[in-house]
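# no sequence on this one, just coordinates:
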């Protein structure tokens, strides 16, 4: 199983980025997908999650209204549209897959390698 995250970069506060995560080696539509992030010196934290067919989504309070998670099962991919970015959003962002929709990182079976997002003030 491989999860390949991409789309990170350097952006000014108030800007936008769209992260992508392409999967291979798993039956994508049978997995819930999520994004987590980890800032330097901090623990990994939940950002957003989406159910197998996209009917249900969860968001962390800190990103609600600014970030949107979506998926395209035909492309075996999940996305994170990030708008109104803030310096506090600076972190390495990871995509993850699990049979069950969850906000808990310990429940996720597969992880991507991470993509760096840096928001300058």
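Sure, I can see it. Not measured: the values here are computed from a predicted model.
# partner residues bridging the residue nearest to the spatial centre of the chain?
Taking Cα atoms, centre = their mean, the centroid of the chain lies closest to residue 35, which sits 2.4 Å from it. Beta-bridge partners recorded for residue 35 (DSSP bridges): residue 48, residue 95.
# separation between it and residue 4?
14 Å (Cβ to Cβ, to the nearest Å). The way it works is simple: take the backbone N, C-alpha and C, and place the C-beta from them, glycine included.
# got any residues that touch both of the two?
residue 21 (Cβ atoms under 8 Å, 6 or more residues apart in numbering).
# what sits against residue 121?
Shown in contact with residue 121 (Cβ under 8 Å, 6+ apart): 13, 87.
# ramachandran angles for residue 74?
phi -70, psi -30 (degrees, to the nearest 10).
# I meant to write residue 112 there.
phi -80, psi 180.
# got it, and residue 101?
Torsion angles, degrees, to the nearest 10, at residue 101: phi -70, psi 130.
# could you check how far the closest residue to it other than its chain neighbours is from residue 54?
Of all residues not flanking residue 101 in the chain, residue 32 sits nearest, at 4.0 Å (Cβ to Cβ, 6 or more residues apart in numbering). As judged by Cβ to Cβ, residue 32 and residue 54 stand 10 Å apart.
# tell me where the model's unsure across the protein.
Scanning the chain for pLDDT under 70 picks out nothing.
# look at residue 32 and residue 54 and report which has more neighbours.
Taking neighbours as other Cβ atoms under 10 Å, residue 32 and residue 54 compare with residue 32 leading, 22 against 15.
# dump the residue contacts of that one.
By Cβ under 8 Å, 6+ apart, the contact list for residue 32 reads 49, 50, 51, 52, 97, 98, 99, 100, 101, 102.
# 10 Å - rerun?
By Cβ atoms under 10 Å, 6 or more residues apart in numbering, residue 32 lies in contact with 49-53, 56, 58, 71, 78, 96-102, 107-108.
# before we move on, what about residue 74?
28, 29.
# look up how far residue 54 lies from it.
Remark: distance between residue 74 and residue 54 (Cβ to Cβ) = 12 Å.
# anything in contact with each of the two?
residue 29.
# can you pull out the strands in this protein?
Using DSSP state E, the strands of the chain run over 2-6, 9-12, 17-24, 32-38, 45-50, 57-59, 67-72, 77-82, 91-98, 110-111, 115-120.
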